[in-house]
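Colleague: heads up, no residue letters with this:
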(Lines give C-alpha, C1' and ligand atoms only; values in the text may rest on other atoms or scores of the structure.)
Protein backbone atom coordinates (compact mmCIF):
# COMPACT_ATOMS: atom_id res chain seq x y z
CA UNK A 1 0.00 0.00 0.00
CA UNK A 2 1.06 3.55 -0.63
CA UNK A 3 0.35 6.82 1.17
CA UNK A 4 -2.38 8.87 -0.48
CA UNK A 5 -0.65 12.16 0.44
CA UNK A 6 2.99 11.60 -0.50
CA UNK A 7 2.94 8.29 -2.41
CA UNK A 8 5.55 6.61 -0.20
CA UNK A 9 5.26 2.93 0.68
CA UNK A 10 3.39 2.39 3.95
CA UNK A 11 4.87 0.20 6.70
CA UNK A 12 3.60 -3.34 7.19
CA UNK A 13 2.68 -2.47 10.78
CA UNK A 14 1.32 0.77 12.18
CA UNK A 15 -1.13 3.20 10.68
CA UNK A 16 1.05 6.28 10.05
CA UNK A 17 3.15 7.09 6.97
CA UNK A 18 6.86 7.18 7.86
CA UNK A 19 7.58 9.83 5.22
CA UNK A 20 4.96 12.51 5.81
CA UNK A 21 3.36 11.42 9.10
CA UNK A 22 -0.14 11.26 7.60
CA UNK A 23 -2.64 8.86 9.13
CA UNK A 24 -4.03 6.14 6.86
CA UNK A 25 -7.65 6.51 5.86
CA UNK A 26 -10.30 4.05 7.10
CA UNK A 27 -10.11 1.87 4.00
CA UNK A 28 -6.34 1.46 4.32
CA UNK A 29 -6.61 0.77 8.07
CA UNK A 30 -9.18 -1.99 7.46
CA UNK A 31 -6.97 -3.51 4.78
CA UNK A 32 -3.92 -3.29 7.08
CA UNK A 33 -5.79 -5.02 9.93
CA UNK A 34 -6.94 -7.75 7.54
CA UNK A 35 -3.34 -8.37 6.42
CA UNK A 36 -2.14 -8.48 10.04
CA UNK A 37 -4.91 -10.94 10.98
CA UNK A 38 -3.96 -13.21 8.05
CA UNK A 39 -0.32 -13.15 9.14
CA UNK A 40 -1.31 -14.07 12.70
CA UNK A 41 -3.33 -17.05 11.43
CA UNK A 42 -0.42 -18.39 9.40
CA UNK A 43 2.14 -18.11 12.22
CA UNK A 44 3.82 -21.37 13.13
CA UNK A 45 4.34 -22.09 16.79
CA UNK A 46 7.77 -23.50 17.55
CA UNK A 47 8.18 -25.74 20.56
CA UNK A 48 11.51 -26.95 21.84
CA UNK A 49 12.01 -30.70 21.91
CA UNK A 50 12.91 -30.55 25.59
CA UNK A 51 9.70 -28.67 26.42
CA UNK A 52 7.56 -31.45 24.97
CA UNK A 53 8.60 -33.90 27.67
CA UNK A 54 8.21 -31.64 30.68
CA UNK A 55 5.16 -31.07 32.82
CA UNK A 56 5.50 -27.30 32.73
CA UNK A 57 7.49 -25.26 30.21
CA UNK A 58 10.83 -23.88 31.30
CA UNK A 59 10.81 -20.20 32.14
CA UNK A 60 13.85 -18.59 30.59
CA UNK A 61 15.03 -15.37 32.18
CA UNK A 62 17.76 -13.57 30.28
CA UNK A 63 18.19 -10.59 32.60
CA UNK A 64 21.64 -9.58 33.75
CA UNK A 65 22.64 -10.53 37.25
CA UNK A 66 23.18 -7.59 39.57
CA UNK A 67 25.83 -9.50 41.60
CA UNK A 68 28.52 -8.88 38.99
CA UNK A 69 27.80 -5.17 38.59
CA UNK A 70 30.91 -3.95 40.43
CA UNK A 71 33.09 -7.04 40.03
CA UNK A 72 35.13 -5.59 37.14
CA UNK A 73 35.85 -2.35 38.99
CA UNK A 74 36.92 -4.23 42.13
CA UNK A 75 39.33 -6.42 40.14
CA UNK A 76 40.90 -3.38 38.44
CA UNK A 77 41.36 -1.60 41.79
CA UNK A 78 43.01 -4.70 43.29
CA UNK A 79 45.40 -4.99 40.33
CA UNK A 80 46.37 -1.31 40.65
CA UNK A 81 47.01 -1.72 44.39
CA UNK A 82 49.18 -4.79 43.77
CA UNK A 83 51.17 -2.94 41.10
CA UNK A 84 51.74 -0.01 43.47
CA UNK A 85 52.96 -2.36 46.22
CA UNK A 86 55.32 -4.14 43.80
CA UNK A 87 56.69 -0.80 42.57
CA UNK A 88 57.31 0.39 46.15
CA UNK A 89 59.07 -2.86 47.06
CA UNK A 90 61.37 -2.60 44.01
CA UNK A 91 62.39 0.95 44.97
CA UNK A 92 63.40 -0.15 48.48
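Modeller: Arrived safely, thanks for sending. For clarity, every value in this text was computed on a predicted model and none was experimentally measured. Numbers count the residues shown, from 1 in each chain.

Colleague: Name the residues of stretch 4-18 that are buried.
Modeller: For stretch 4-18, burial by neighbour count (16 or more other Cβ atoms under 10 Å) applies to 10, 17. To be clear about C-beta, it is placed using only N, CA and C from the backbone, and glycine gets the same treatment.

Colleague: how far out from the middle of the chain is it?
Modeller: In terms of Cα atoms, centre = their mean, to the nearest Å, the centre of stretch 4-18 is found 24 Å from the chain centre.

Colleague: Report the contact partners of the nearest residue to residue 23 once chain neighbours are set aside.
Modeller: Closest residue in space to residue 23, ignoring its immediate chain neighbours: residue 16 at 5.8 Å, by Cβ to Cβ, 6 or more residues apart in numbering. Each residue near residue 16 by Cβ atoms under 8 Å, 6 or more residues apart in numbering is listed here: 22-24.

Colleague: Look up phi and psi at residue 16.
Modeller: Dihedral pair for residue 16: phi -130, psi 140, per degrees, to the nearest 10.

Colleague: what's the least confident helix or strand in the chain, going by average pLDDT?
Modeller: Sorting the helices and strands of the chain by mean pLDDT, DSSP states H and E puts helix 49-52 at the bottom, at a mean of 61.

Colleague: How about the contacts made by the closest residue to residue 22 other than its chain neighbours?
Modeller: Closest residue to residue 22 apart from its sequence neighbours, by Cβ to Cβ, 6+ apart: residue 5 at 4.4 Å. Applying Cβ under 8 Å, 6+ apart, we find residue 5 in contact with 17, 20, 22.

Colleague: from what I can see the first one touches residue 7, true?
Modeller: No: contact between residue 17 and residue 7 fails when scored by Cβ atoms under 8 Å: they sit 9.6 Å apart.
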